[in-house]
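*Asks:* no sequence for this one, just the structure:
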């Protein structure tokens, strides 16, 4: 079981982060700190494996805390979860050896991906006393995926809306949905859902088939295929 410290001054975001961490049975939230100084004091007196770290906090911001953690040699991994999306913050965080960097708002699926990246690293360092090149390449590939700019989306497709629809479809991958049922479940307009479903079909992430057994006008049924 990996022990986690959440460092986040917004109580609502801290609660969401805790819920997301606890969804993964490999993790336990040991504590939640509202500012960097309190978090540093906790880390100096308690052992945890992973810190979920915000940037914008009172008394000591996330990067200052991260630098101090490294300077003091505290053996802990860090995932940044923050609204800070400027290049200088991201570059410094990466240079300080973070596992992953998530920009708010984010989705559970992306959060779980970050946790799995951490687990993969821990498994590699635990299982191997020495590394061949392909082991190192696999570890570095996780960092490259984190640092790589997001794919340019076509006009009319927004990353947050796309993530919302993808998460719904993925979490219900065993079922087929009409456009209207997706509209009701994700809270978007029919026109918006239709546009995003067409895009996802083009990307191969969902499948669509025409249902003629409605007793009336045929409708399209969509299913997650990834």
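*Replies:* That came through fine. Worth saying up front: this structure is predicted, and the values here are computed from it rather than measured.
*Asks:* could you use CA atoms for every contact and neighbour count after this?
*Replies:* Fine.
*Asks:* could you list the domains of the chain?
*Replies:* 2-147, 159-224 (automatic domain parsing).
*Asks:* all strands for this protein, in order.
*Replies:* Ranges of strands in the chain, per DSSP state E, are 2-7, 27-33, 50-53, 77-82, 100-103, 177-178, 206-211, 219-224.
*Asks:* got a list of what residue 111 touches?
*Replies:* 20, 102 (Cα atoms under 8 Å, 6 or more residues apart in numbering).
*Asks:* that one and residue 34, how far apart?
*Replies:* 20 Å (Cα to Cα, to the nearest Å).
*Asks:* re earlier: of all the domains of the chain, which lies closest to residue 153?
*Replies:* Comparison of the domains of the chain against residue 153 by Cα to Cα identifies domain 159-224 as nearest, at 7.6 Å.
*Asks:* so how far is that closest one from its chain's centroid?
*Replies:* 23 Å (Cα atoms, centre = their mean, to the nearest Å).
*Asks:* quick one: mean pLDDT for that domain?
*Replies:* Confidence for domain 159-224, expressed as mean pLDDT, is 88.
*Asks:* now do the same end-to-end measure for it.
*Replies:* Using Cα to Cα, the two ends of domain 159-224 sit 18 Å apart.
*Asks:* JSON lines for the domains of the chain, including distance to residue 153?
*Replies:* Converted to JSON lines, these look like this (distance: least, Cα to Cα, whole Å):
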{"stretch": "domain 2-147", "distance to residue 153": "17"}
{"stretch": "domain 159-224", "distance to residue 153": "8"}
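*Asks:* ok so, going back, just name the most buried of the strands of the chain.
*Replies:* Of all the strands of the chain, strand 50-53 has the most neighbours on average by mean count of other Cα atoms under 10 Å, namely a mean of 25.
*Asks:* re the thing from before, just put the strands of the chain in TSV and tack on distance to residue 157.
*Replies:* Formatted as TSV, these follow (distance: least, Cα to Cα, whole Å):
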stretch	distance to residue 157
strand 2-7	32
strand 27-33	34
strand 50-53	29
strand 77-82	23
strand 100-103	18
strand 177-178	20
strand 206-211	16
strand 219-224	18
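*Asks:* gap between the longest helix along the chain and the chain center?
*Replies:* Across the chain, the longest stretch assigned as helix under DSSP state H is helix 108-127. From the chain centre to the centre of helix 108-127 is a distance of 11 Å (Cα atoms, centre = their mean).
*Asks:* what about it, average pLDDT?
*Replies:* Helix 108-127 comes out at a mean pLDDT of 79.
*Asks:* again, but for stretch 35-50
*Replies:* 96.
*Asks:* flag every buried residue along that stretch.
*Replies:* By neighbour count with 16 or more other Cα atoms under 10 Å, stretch 35-50 contains the buried residues 35, 36, 37, 39, 40, 42, 43, 48, 49, 50.
*Asks:* mind listing which of the residues you listed are in helices?
*Replies:* 36, 37, 39, 40, 42, 43.
*Asks:* roughly how far does the fifth one sit from residue 51?
*Replies:* This means residue 42. Taking Cα to Cα, one finds residue 42 at 11 Å from residue 51.
*Asks:* ok, now the second one?
*Replies:* For residue 37, the distance to residue 51 under the criterion Cα to Cα works out to 14 Å.
*Asks:* ok, the residue lying closest to residue 9 once chain neighbours are set aside - contacts?
*Replies:* Among residues not flanking residue 9 along the chain, residue 34 sits closest, at 4.2 Å (Cα to Cα, 6 or more residues apart in numbering). The contact partners of residue 34, taken as Cα under 8 Å, 6+ apart, are 7, 8, 9, 10, 57.
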